[in-house]
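# Here's a sequence, model it:
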Amino acid sequence: MIKSEVISSKQKGDKAEAKARFYLEKLGFEIIDFNFYAKKLGEIDIIAKKNNTYHFIEVKSGVNFEPSQNLSPKKMKKILKSVDFYLQSKSIENAFCIDALLIKNEEITFLENISI
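Residues are numbered from 1 along each chain as shown. Got it, this is the predicted structure:
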């Protein structure tokens with residue numbers, strides 16, 4: 001009997017984020033950081049830069065549901081606080097936006113400049 005491999009949620013998330021970074025690099029983004037933890041505020045999945053603008057990118061993936069369903073107002077507020085912490089801690093005054101990269105099966109949707 002062949003055992004099927006069980007993949008944890010963390011492993012699935014790591015795989016989706018790696019796919020997202022590769023996708024963004026193909027679009028000309030420079031990956032600055034990823035999985036940035038802002039103390040107790042939250043995590044920023046990917047921090048990238050393009051045309052002198054910082055992009056703080058939330059990656060969501062799913063198979064049997066729409067990944068965008070996980071972008072709640074509460075989650076967006078945590079992301080915004082984490083972004084503020086990052087900008088202050090690095091003394092960055094450049095323009096920035098918050099984006100979402102959604103992966104459903106093998107289809108990628110990139111939403112730039114999302115808001116609460």
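# In a strand, residue 76, correct?
No. The assignment for residue 76, made by DSSP: H, G, I helix; E, B strand; the rest coil, is helix rather than a strand.
# burial count for it?
16 (other Cβ atoms under 10 Å). Heads up, the C-betas are built off the backbone N, CA and C, glycines and all.
# Please apply the same query to residue 97.
The burial count for residue 97: 14, using other Cβ under 10 Å.
# Over to it: give its phi and psi.
phi -150, psi 160 (degrees, to the nearest 10).
# Kindly state the beta-bridge partners for it.
residue 55 (DSSP bridges).
# now it: how far from residue 40?
24 Å (Cβ to Cβ, to the nearest Å).
# Alpha carbons of stretch 33-48, in PDB - could you do that?
Written as PDB, here are the backbone C-alpha positions of stretch 33-48 (Å, rounded to 0.1, in the frame of the first residue of the first chain):
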ATOM      1  CA  ASP A  33      11.800  40.600   2.200                       C
ATOM      2  CA  PHE A  34       9.200  38.000   2.900                       C
ATOM      3  CA  ASN A  35       7.500  36.600   6.000                       C
ATOM      4  CA  PHE A  36       8.300  39.800   7.800                       C
ATOM      5  CA  TYR A  37       6.900  39.600  11.400                       C
ATOM      6  CA  ALA A  38       6.000  43.000  12.800                       C
ATOM      7  CA  LYS A  39       6.200  42.100  16.500                       C
ATOM      8  CA  LYS A  40       2.700  41.300  17.800                       C
ATOM      9  CA  LEU A  41       1.000  43.200  14.900                       C
ATOM     10  CA  GLY A  42       1.100  40.500  12.200                       C
ATOM     11  CA  GLU A  43       3.000  39.300   9.200                       C
ATOM     12  CA  ILE A  44       3.600  40.700   5.800                       C
ATOM     13  CA  ASP A  45       3.900  37.800   3.300                       C
ATOM     14  CA  ILE A  46       6.000  39.600   0.600                       C
ATOM     15  CA  ILE A  47       7.600  43.000   0.500                       C
ATOM     16  CA  ALA A  48       8.700  44.000  -3.000                       C
END
